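In: turn this into a model:
(one chain, ligands or ions: 1)
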Amino acid sequence: MSAPLLAAHPVVPVVVIDEADQAVPLGEALLAGGIAVMEVTLRTEAGLEGIRRLTELEGMTVGAGSVLTPAQVDEVVAAGATFVVSPGINADVVRRAQELGVPALPGISSSTDLMTAVSLGLREVKFFPAGLLGGPKMIKALSAPFGGITFMPSGGVSLDNLGEYLALPCVPAVSGSWMVDKSLVNAGNWAEITRLAAEAVAAARAAG
Ligand code: 3PG
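Out: Numbers count the residues shown, from 1 in each chain. Reported below is the predicted structural model:
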């Protein structure tokens, strides 16, 4: 994921779908709320097919989340994912994504992880699980020796605290699931998802 992509998409929804049929209506609901990026996780079997279907949705940038192995990198890229997010950092996963020309956004939780990220040539990382690791204060402390690295916090980010993260110059985007809650997706409550997406975008703009 390039810096301009993160800067263009300050709120990245983490999507878990039970049915592949949910993918496109969910994407449309997010687009209507002003969010043009989705991280569709492989936490359910429907995730991969969801990614495939979302590639047909004009204007939506689709990435894969919860990618744990190099083989999964192959699968999601074949399905059309244009970036790859992982909960932690694994050199084989990152290198496979780099070989395929797809940006990798691995999760980091320590300065040791960040040194691994730097050694792999990465400039952007996910900070996960952000809330439990100490939130914005922890990012500020971790980032000090790593000039030029930008962070996408995820895990415990919400409408109430996203502004504290985005106030940090090294945080161009936040990520989370609050605007695509599974209960809303399973109920097909697309209008509420659009409302929550628009609310998140407005809060991110106000913070930025
Ligand atoms: C992730 O994979 O980044 C998280 O599961 C999202 O965390 P949240 O559900 O607390 O937003």
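In: near the ligand at all, stretch 6-18?
Out: Yes: using C-beta under 6 Å from any ligand atom, stretch 6-18 comes into contact with the ligand via V14. No exception for glycine: its C-beta is placed from N, CA and C like everyone else's.
In: quick check: mean pLDDT of that stretch?
Out: For stretch 6-18, the mean pLDDT works out to 92.
In: how about the residues of this structure near the ligand?
Out: V14, G65, F128, S154, G155, G156, V157, S175, G176, S177, W178.
In: per-residue pLDDT, the fifth one?
Out: Translated: G155. Here, the pLDDT recorded for G155 equals 98.
In: how about the strands of this protein, start to end?
Out: Under the criterion DSSP state E, the chain contains strands at 11-15, 37-41, 61-65, 84-85, 104-105, 107-108, 124-127, 150-153, 174-176.
In: compare the ones you listed and give me the one nearest V185.
Out: Closest approach to V185 among the strands of the chain is made by strand 11-15 (7.9 Å; C-beta to C-beta).
In: so what sits opposite the nearest residue to A130 once chain neighbours are set aside in the bridge?
Out: The spatially closest residue to A130, leaving aside those adjacent along the chain, is P153, at 3.6 Å (C-beta to C-beta, 6 or more residues apart in numbering). On the basis of DSSP bridges, P153 takes part in beta bridges with F127.
In: per-residue confidence for the residue lying closest to A117 once chain neighbours are set aside?
Out: For A117, ignoring the flanking residues on the chain, the nearest one in space by C-beta to C-beta, 6+ apart is V125 at 5.2 Å. pLDDT for V125: 96.
In: surely V125 and S154 touch.
Out: No: contact criterion C-beta atoms under 8 Å: V125 and S154 do not qualify, at 10.5 Å.
In: list the residues that contact both of the two?
Out: Common neighbours of V125 and S154, using C-beta atoms under 8 Å, 6 or more residues apart in numbering, are G107.
In: buried residues in stretch 174-185?
Out: Of all the residues in stretch 174-185, those buried under the rule 16 or more other C-beta atoms under 10 Å are V174, S175, G176, S177, W178, M179, V180, L184, V185.
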